[in-house]
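Asker: Predicted model follows, preceded by the sequence.
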Amino acid sequence: MTQRFPLVPAVFTVAISLATSSPVLAQDHDMHAGHNMDMPAMVGDSLVWRMPPMDMSMPMMPGMDTQEPIVAPFLPAAGMDVSMFPEARPFEIMDVEDGAMVHLEAGLVRRTIGDQTFVMMGYNGQYPGPVLRVKKNARVTVHFVNNIQMPTTVHWHGLRLDDYRFDGIPGISQPPVESGESFQYELNFPDEGLYWYHPHMREDVQQDLGLYGNMLVDPIEDDYYAPVNREVTLVLDDILMDSQGIIPYGDSAPTHALMGRFGNVMLVNGVTNYEMTVKKGEVVRFFLTNVANSRSFNVVFGGAPIKVVASDVSKYEREMPTGSVVISPAERYIVDVLFEDAGPVTVTNAVQAIDHFRGEFYPDVRTLAVINVEDGTPETDFSQEFREFRTNEDVIADIDAFRPFFDKEPDHRLELTVRVNNLPLPIMMMMEVDTLYVPPMEWNDAMPMMNWVSTGEQVEWILHDVDTGKESMEIDWSFKKDDVVKIRVFNSPRSFHPMNHPFHIHGQRFLVTHIDGVPNPNLVWKDTAIVPVGSTVDFLVHMSNPGKWMAHCHIAEHLHSGMMLPFEVTE
Ligand SMILES: [Cu+2]
């Protein structure tokens, strides 16, 4: 990944890249990695911008090499001695009893990724943060302390909290928790499954630097899921770094506002070389969470068969086999995998990346983790249960009450679009080229320089209410408790920069009933779902919890560039 190339003048790079399509260039994933090799990360005590490494053989257009974001670069503890900070530890699983009090602290930590050591952030000094494991219907108090140098909050992603004041939204449900201060959260866990917590302020910085952790809600019934040999949480992430460290963030607004900040280094549970060992014949239940700022993953478990069991807020109506798991930022999937053959199984992110400038799609396969399958036999053989695909009558019965609403007209219609201002001219010109090819999903950063230079001050992502003309935070939707609301979301392919958006709704659960008018054949309760470019997605939302809530895009840079709306549910 960190293969280095000699410093090549930008104009030569353009000429070479456009004139040839040699396989060597096409496979060059770090062509521009050396551009700034002589540029110090720090000048005196001040941090300066350095160009991010490129993800592929992207030509650098004339005029782009002098561009940099209009905001100042920011890194926590920049210029300070890394050894002053405590070394972060791998996460622990905390079994939390009903009625218990949990201490959670956000702080600066020392982390080593690959062979480099940085100052990052962690909950309780861990990466990821501790897994809070609770029983369904438990009530838990979290005493949260902010020991980072920025205001923060904790959002309990996917929990249908009965009190919105603990949802963690600054200015709507609580004031920001200032540095050195604390806040007490009262949580309830009404649904089984996998959830996660993260800040809801400058997620592009805080979450990216390591502030995230899972919540695992155990069912009450023993046979709620099929039996497996073991359970493993895998948190998927990426981080953007070069030989001098983490590429700085924007101080007053995020960089990478157009496409979100894609990392160039893949992380599973915070490390680049995640490994585990299982016995031949074992069935492993993986709890997958994508915490990346912008990247959607397509996870493949070598050739091992995968069974999809559940997603964000429930099991599926029917379990189903799959070859891979597509998971957009903030989504979760629970999958069972059977390891039938001894030997290493490489878990990969296997996608079709796009090179906008050549108009080419190319396969991009990155290793996420390695599972060593040892010879032997598992203590108990669950392979027979693995091969049975359960029909979950409990989920079907729960959803039955909502089926009469599936074909109703939408209550609200949103169009997803973007407005830009004061972007440098070369970027505006290049965007004309860029939008010749509009993939429904953006698997990679197809224009790293332009993306980096665009900041939240120049890019405004918009949730446009088609019926009222209101936009984003001007929207003031109001519902009654237990309303069943259809929100039809259209991701316009004609906007300045069309991109997929993972749409998240706080405090409630929804069904994706239709995509482009086609009924969804296998339903699951969700809190986050991807809206591909050009698609229309129908969200049938069960407004189960009163309070003041948010709906927004879960690409961190889009959220902080305006892509959110408030709504209220009254008793
Ligand atoms: Cu978005």
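Answerer: Received, thanks.

Asker: can you pull the contacts of the closest residue to Arg390 other than its chain neighbours?
Answerer: Among residues not flanking Arg390 along the chain, Glu319 sits closest, at 4.9 Å (CB to CB, 6 or more residues apart in numbering). C-beta: built from backbone N, CA, C; applies to glycine. Glu319 makes contacts with 226, 307-309, 389-392, as judged by CB atoms under 8 Å, 6 or more residues apart in numbering.

Asker: switch to 7 Å and redo it
Answerer: 307-309, 389-390 (CB atoms under 7 Å, 6 or more residues apart in numbering).

Asker: For Glu388, give its distance to the ion.
Answerer: 38 Å (CB to the ion, to the nearest Å).

Asker: Check Asn188 too.
Answerer: Taking CB to the ion, one finds Asn188 at 29 Å from the ion.

Asker: In which helix or strand does the closest residue to the ion within the stretch 301-450 of the chain reside?
Answerer: Using CB to the ion, the single residue of the stretch 301-450 of the chain nearest to the ion is Leu416, 7.3 Å away. In the assignment (DSSP states H and E), Leu416 maps to strand 412-420.

Asker: now swap in Glu319 and tell me
Answerer: strand 315-322.

Asker: What are the buried residues along that strand?
Answerer: 315-319 (16 or more other CB atoms under 10 Å).

Asker: ok, of those, which one's closest to Asp355?
Answerer: Nearest to Asp355 among the buried residues of strand 315-322, counting by CB to CB, is Tyr316 at 35.4 Å.

Asker: Not counting sequence-adjacent ones, nearest residue to that closest one?
Answerer: Val524 (4.6 Å).

Asker: Work out for me the element the one you found sits within.
Answerer: Going by DSSP H and E, Val524 is not in any helix or strand.

Asker: Start the count at 99 instead of 1 going forward.
Answerer: Let's use 99 as the start, then, which means that last one is Val622.

Asker: which other residues reach stretch 658-669?
Answerer: So stretch 658-669 is in contact with 270, 300, 302, 352, 355, 554, 557-561, 570-571, 573-579, 641, 643-651, going by CB under 7 Å, 6+ apart.

Asker: ok, and for it, which residues are buried?
Answerer: Buried residues in stretch 658-669, counted by 16+ other CB under 10 Å: 658-665, 667.

Asker: Same check on stretch 171-187?
Answerer: Residues of stretch 171-187 classed as buried: 171-175, 180, 183, 186 (neighbour count, 16+ other CB under 10 Å).

Asker: Mind checking which of the residues you listed land in strands?
Answerer: Assigned to strands by DSSP state E, the following of the buried residues of stretch 171-187 qualify: 171-172.

Asker: which one of the buried residues of stretch 171-187 is nearest the ion?
Answerer: Looking across the buried residues of stretch 171-187 and measuring by CB to the ion, the closest to the ion is Phe172, at 21.9 Å.

Asker: What segments of the stretch 149-298 of the chain are strands?
Answerer: For the stretch 149-298 of the chain, the strands defined by DSSP state E, counting those that start in this stretch occupy 171-172, 187-188, 191-193, 199-211, 214-221, 224-225, 229-233, 237-245, 253-255, 280-286, 291-296.

Asker: will you turn the ones you listed into a markdown table that also has distance to Asp509 and mean pLDDT?
Answerer: Shown next, in a markdown table, are those (distance: least, CB to CB, whole Å; pLDDT from 0 to 100):
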| stretch | distance to Asp509 | mean pLDDT |
| --- | --- | --- |
| strand 171-172 | 41 | 96 |
| strand 187-188 | 45 | 98 |
| strand 191-193 | 40 | 98 |
| strand 199-211 | 37 | 98 |
| strand 214-221 | 38 | 96 |
| strand 224-225 | 42 | 98 |
| strand 229-233 | 34 | 98 |
| strand 237-245 | 32 | 98 |
| strand 253-255 | 24 | 98 |
| strand 280-286 | 27 | 98 |
| strand 291-296 | 27 | 98 |
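
Asker: TSV for these, including distance to Val382?
Answerer: Below are these laid out as TSV (distance: least, CB to CB, whole Å):
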stretch	distance to Val382
strand 171-172	40
strand 187-188	19
strand 191-193	16
strand 199-211	25
strand 214-221	26
strand 224-225	22
strand 229-233	16
strand 237-245	27
strand 253-255	24
strand 280-286	28
strand 291-296	15
